[in-house]
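>>> Below is the sequence, then the predicted model.
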Amino acid sequence: MPIDPRAGTPAEAEDLVDVDALLAAYHDRHPDPGEAGERVAFGTSGHRGSSLKTTFNDDHIAATSQAICEYRAAQGTEGPLFIGRDTHALSEPAWITAIEVFQANGVHVLADGDEAFTPTPAVSHAILTHNRARVSGLADGVVVTPSHNPPSDGGFKYNPPNGGPADTDATSWIADRANELLAAKLDGVRRRPIDRQGLGRYDFLGEYVADLPSVLNLDAIRDAGIRIGADPLGGASVAYWGAIAERLGLDLTVVNPAVDPQFGFMTLDWDGKIRMDCSSPYAMASLVQRRDDFRIATGNDADSDRHGIVTADGLMNPNHFLAVAIGYLYGHRPGWSSDAGVGKTAVSSSMIDRVAADLGRKLVETPVGFKWFVPGLLDGSIGFGGEESAGASFLRTDGSVWTTDKDGIILALLASEIAAVTGETPSERYRALTERFGEPAYARIDVATDSESKAKLGRLSAEDVSATELAGDPITERLTSAPGNGAPLGGLKVVTEGGWFAARPSGTEDVYKVYAESFRGPEHLARIQDEAREVVASALRS
């Protein structure tokens, strides 16, 4: 992918979204349900879009909220609905729309007591705290966020009573019903102005921060005097990091406490856009420049479900930190079950496979999407679940569930715990892993294709792959379902002794994504990437 020449440099006036126009379009534009791009569509992290493109507007959120009301009623979910939002400009009006519909449908909504920003993990934590030991009156939740997406975007995601991202059965039903309501010009949507007297209140921040000692060794961080820099990237964790420093007595500096719906303080991402991607060295350039000021510096995306770890060596690759975190946690959590497995997505680094094998732990490899880790985190059969895109969560120290959605805050704090307990930064520990298991080269590229080929790629079977070799090595596995749970990958993964590739169709563009890794260096990786195209093309022709 070509890198924009301004990537990593501060945003300028011409890069900033017109917030007034964005908010006006939210109310003034109305989607055409006959246009596929203007319908409600749930990806792995909810419905996302921009009011300026008529893909995220008041109509979308009203219809989706009504559909959620009907869905939760059909499921017998009668408890409160927790609602949070991040700092994107469209999040506040969408938050208001949703509450208006929820209240009109008789749903008891619990919002932040100060109507402040609420990270995704705090909502998951609240749902699970309410539902603990309950069999009725179960709670669910909504987070209004497009995660790390640009400032022009909005997002809306539903978390059922298990606290994690909704599965496709739920999201398909909700999206279908929302689109029926859009086609009916919102006939059937109940709505009334917010009743703030009747709006329930919940201390998301207080409950979350007070419970952190149950999931992390904060005493070790405090006693070691680890100096921490935390950059919320203008997101929902801004007040949380300040509270963590003050209430838990950590040597922690909130590097940038600014909240700005234009995110004008950001450095531009790889493509020249503003994007709060804490796994990107371009978006994290400002914090990386300050890496010598702190033992550990961390960043979060706008809803704080992702983490970025900066040491004296720079920003860690997300796959590298996942491997380090796994290696550390399973050796320092005696309260976890000896049978607790390691959860990873099929496109995460095989370094995790080698670490898990060395630990004697079962590897649970799933399709892309954090929802696949939810059952295992709930019952303790998975101790840690992580995605290559810097999203992860893990169990409390006693082996019980913490969150079932990604939690960038605890992963960021874990980096400091690792440094405190071992005396080594996570990047130093990753170097030790490469000395033992080899040094992988990993990359993702996009390959242009058409919609018909994308659809076929998502339906491939292992028998469609006729290739026997990849980059000089015999192919040992052809996978179209995940080894860990048998669920469809929605694409293809091909494995050899020296490396692998996975191809998945994009949900938004006419491309398919090729993830690849080699334990034989960059040249071998490039060869895998080149040959992956032909393997895929041949399979699609079969």
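Thanks, I have the structure now.
>>> For burial, what's the neighbour tally of residue 178?
The number of residues packed near residue 178 is 30, by other C-beta atoms under 10 Å. Any C-beta I mention is one placed from the backbone N, CA and C, and that applies to glycine too.
>>> so for the strand or helix carrying it, what's the average pLDDT?
Following DSSP states H and E, one finds residue 178 within helix 168-183. Averaged across helix 168-183, pLDDT comes to 97.
>>> repeat for stretch 202-214
In this model, stretch 202-214 carries a mean pLDDT of 98.
>>> Report the contact partners of residue 47.
40-41, 56, 60, 64, 155-157, 175 (C-beta atoms under 8 Å, 6 or more residues apart in numbering).
>>> Which of these sits closest to residue 397?
Nearest to residue 397 among the contacts of residue 47 is residue 157, at 28.3 Å by C-beta to C-beta.
>>> partner residues bridging the closest one?
Per DSSP bridges, the residues bridged to residue 157 are residue 143.
>>> quick one: the helix or strand just after the helix holding residue 178 to chain centroid distance?
Per DSSP H and E, the first helix or strand lying C-terminal to helix 168-183 is strand 200-202. Counting by C-alpha atoms, centre = their mean, to the nearest Å, strand 200-202 is centred 26 Å from the centre of its parent chain.
>>> swap in stretch 404-411?
The answer for stretch 404-411 is 9 Å, by C-alpha atoms, centre = their mean.
>>> Check stretch 139-153 too.
Per C-alpha atoms, centre = their mean, the displacement of stretch 139-153 from the mean C-alpha position of its chain is 11 Å.
>>> Distance of the closest residue to residue 425 other than its chain neighbours relative to residue 293?
Computed as C-beta to C-beta, 6 or more residues apart in numbering, the closest residue to residue 425 that is not its neighbour in sequence is residue 311, at 4.2 Å. Distance, residue 311 to residue 293, using C-beta to C-beta, to the nearest Å: 12 Å.
>>> When these two are compared, which one has more neighbours?
More crowded of residue 311 and residue 293, by other C-beta under 10 Å: residue 311, with 22 against 12.
>>> Please identify which of the contacts of residue 47 is nearest to residue 533.
residue 41 (27.7 Å).
>>> right, and the closest one touches residue 176 too?
No - judged on C-beta atoms under 8 Å, residue 41 makes no contact with residue 176 at a distance of 10.6 Å.
>>> Isn't residue 294 up against residue 228?
Yes - using C-beta under 8 Å, residue 294 is in contact with residue 228, at 6.0 Å.
>>> intersection of neighbour lists for these two?
residue 253.
>>> Select the longest helix from this protein.
Longest helix in the chain by number of residues, with DSSP state H as the criterion: helix 522-541.
>>> in it, what's buried?
Using 16 or more other C-beta atoms under 10 Å as the test for burial, helix 522-541 gives 524-529, 531-533, 535-536, 539-540.
>>> residues contacting residue 71?
When contacts are counted by C-beta under 8 Å, 6+ apart, residue 71 touches 170, 173-174, 177.
>>> Run through the stretch 151-300 of the chain and note the low-pLDDT ranges.
The stretch 151-300 of the chain contains no residues with pLDDT under 70.
>>> Brilliant, that's me finished.
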